[in-house]
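K.L.:
Sequence below, structure please.
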Amino acid sequence: MTIAYSVIFALSLLMPVGYYLFVRKKQNEHWLFVLYISVCVVNLGYLLLSLSKTVAFALFANKLAYFGQVFVPLCMFMIISKLSGLNYKKWVKYVLAGVAMLMFGLVLTTGHLDWYYKSVELTYADGAAKLVKEYGFLHPVNLIYVLGYFVAMLVVISISLKKNSGKSHKLVGLMFAVVFGNIGMWLVEKLVTWNFEFLSASYLMSEFVFFFVYWMLQDYIHVGDVPPQIIVEEKSSVIYVDSKERADKIERILASLPENTMLTSRQMDILEGILDGKSRKEIAVGLHLSENTVKMHTTSLFKALKVTSRDEIFALLEK
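P.N.:
Reported below is the predicted structural model:
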């Protein structure tokens, strides 16, 4: 078991490095970095716990793991909210961080009060140390804390899916997979007796998924993230001399859509760019997106219009 914890800890150390090399260049996502650091702390705690020789050291390692654990769901919630297009006021973030610290403060009572753990005993299994705990009356607070974040994440993703504001369903699926994957691992931890902390692996997998999202799909820059003056300047710098003609073209193309089918706002943006004769790169610059994102939304636009190329879109105007 100690070897497994060592490997997981080593892999978790690579994630902050990957963040600085591949993500931070384009998007400075503080919550993503805090998530990576938190998971490192969690896995370090699990590793040290497996190496413990005394109850005192085991409790120290357990508290270290908890320090990371209380911030992991907070970071995941903030990352998912950002990817879903939701931004919160600073005081909300401060309150959530304060609640996390209070949760950790409750864990710190271990060894002094019987509120969180009534008693602990150090045992060994499969060559690794493990704490056998008798829970105190305030231990369910941790259950409420974790479940509360899981529910909040699912609500945020569901709202994002319902709004369907041009987001990729693949992205929504990835976010659902992260949340349900962690819920599954968490339930395994609670309902099945194992000598291994599966959450360590679950957190690592979540890190990889978020890394993939921000590296490959660094597209989700929402309008709220772009300073208003940039949007105004972008719009004011473009003069459409054939705006009425373009509107007529769009209306004729929309009329060709299958019954009960509508384009998303992002698909409409791509369609307008295509009708204006803009290249993929020009559309990406105008919408403050990456070219990969524009390509993704263009593909979904083609699928909605049942075409395979720009030429076929213009052919719709001839019908």
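K.L.:
So for Lys281, what's the nearest residue that isn't a sequence neighbour?
P.N.:
Of all residues not flanking Lys281 in the chain, Glu291 sits nearest, at 5.9 Å (C-beta to C-beta, 6 or more residues apart in numbering). Just so you know, the C-beta spots here come from the backbone N, C-alpha and C atoms, and that holds for glycine as well.
K.L.:
Next, the contact list for the one you found, please.
P.N.:
Listed by C-beta atoms under 8 Å, 6 or more residues apart in numbering, the contact set of Glu291 reads Arg280, Lys281, Ala284.
K.L.:
out of those, who's nearest Leu154?
P.N.:
Closest approach between those and Leu154, by C-beta to C-beta: Ala284, at 31.4 Å.
K.L.:
show me the residues around Val17 that make contact.
P.N.:
When the contact criterion is C-beta under 8 Å, 6+ apart, Val17 has no partners at all.
K.L.:
Give me the pLDDT value at it.
P.N.:
Model confidence at Val17, expressed as pLDDT, equals 87.
K.L.:
element containing it, please.
P.N.:
helix 2-18 (DSSP states H and E).
K.L.:
what's Leu108 sitting at in phi/psi?
P.N.:
Backbone torsions of Leu108, given as degrees, to the nearest 10, read phi -70, psi -20.
K.L.:
Spatially, which residue comes closest to it, not counting chain neighbours?
P.N.:
Lys63 (6.4 Å).
K.L.:
Just say helix, strand or coil for that neighbour.
P.N.:
Following DSSP: H, G, I helix; E, B strand; the rest coil, the label given to Lys63 is helix.
K.L.:
So that it lines up with my notes, have the first residue be 50 from now on.
P.N.:
With 50 as the first residue, the last one maps to Lys112.
K.L.:
What distance do you get for the residue nearest to Lys330 to Arg359?
P.N.:
Glu340 sits 15 Å away from Arg359, going by C-beta to C-beta, to the nearest Å.
K.L.:
go on, Phe259?
P.N.:
34 Å.
K.L.:
Look at those two and report which has more neighbours.
P.N.:
More crowded of Phe259 and Arg359, by other C-beta atoms under 10 Å: Phe259, with 26 against 13.
K.L.:
what distance separates the helix or strand that contains that one from the centre of its chain?
P.N.:
Assessed by DSSP H and E, Phe259 sits inside helix 247-265. Between the centre of helix 247-265 and the centre of its chain there are 9 Å (C-alpha atoms, centre = their mean, to the nearest Å).
K.L.:
And that helix, what's buried?
P.N.:
If you call a residue buried by 16 or more other C-beta atoms under 10 Å, then helix 247-265 has these buried ones: Leu248, Ser249, Ala250, Ser251, Tyr252, Leu253, Ser255, Glu256, Phe259, Phe260, Val262, Tyr263.
K.L.:
list the helices and strands it packs on?
P.N.:
On a contact count with 3 or more C-beta pairs under 8 Å, 6 or more residues apart in numbering; DSSP states H and E, helix 247-265 meets helix 51-67, helix 79-99, helix 104-132, helix 218-240.
K.L.:
Relative to Asp360, how far out is the residue nearest to Val156 when sequence neighbours are not counted?
P.N.:
Excluding its sequence neighbours, the residue lying closest to Val156 (C-beta to C-beta, 6+ apart) is Tyr115, at 4.4 Å. Tyr115 is 59 Å from Asp360, where distance means C-beta to C-beta.
K.L.:
More neighbours: those two, which one.
P.N.:
A direct count of neighbours by other C-beta under 10 Å for Tyr115 and Asp360 places Tyr115 higher, at 21 against 8.
K.L.:
wait, what's in contact with the more buried one?
P.N.:
Contact analysis of Tyr115 by C-beta under 8 Å, 6+ apart lists Gly94, Phe153, Val156.
K.L.:
Most neighbours out of these, which is it?
P.N.:
Neighbour-wise, the contacts of Tyr115 (other C-beta under 10 Å) top out at Gly94, 24 neighbours.
K.L.:
Contact partners for that one?
P.N.:
Gly94 neighbours (C-beta under 8 Å, 6+ apart): Ala110, Asn111, Lys112, Leu113, Ala114, Tyr115, Phe116, Gly117.
K.L.:
what's around the third one, how many residues?
P.N.:
The local packing of Lys112 (other C-beta under 10 Å) involves 16 other residues.
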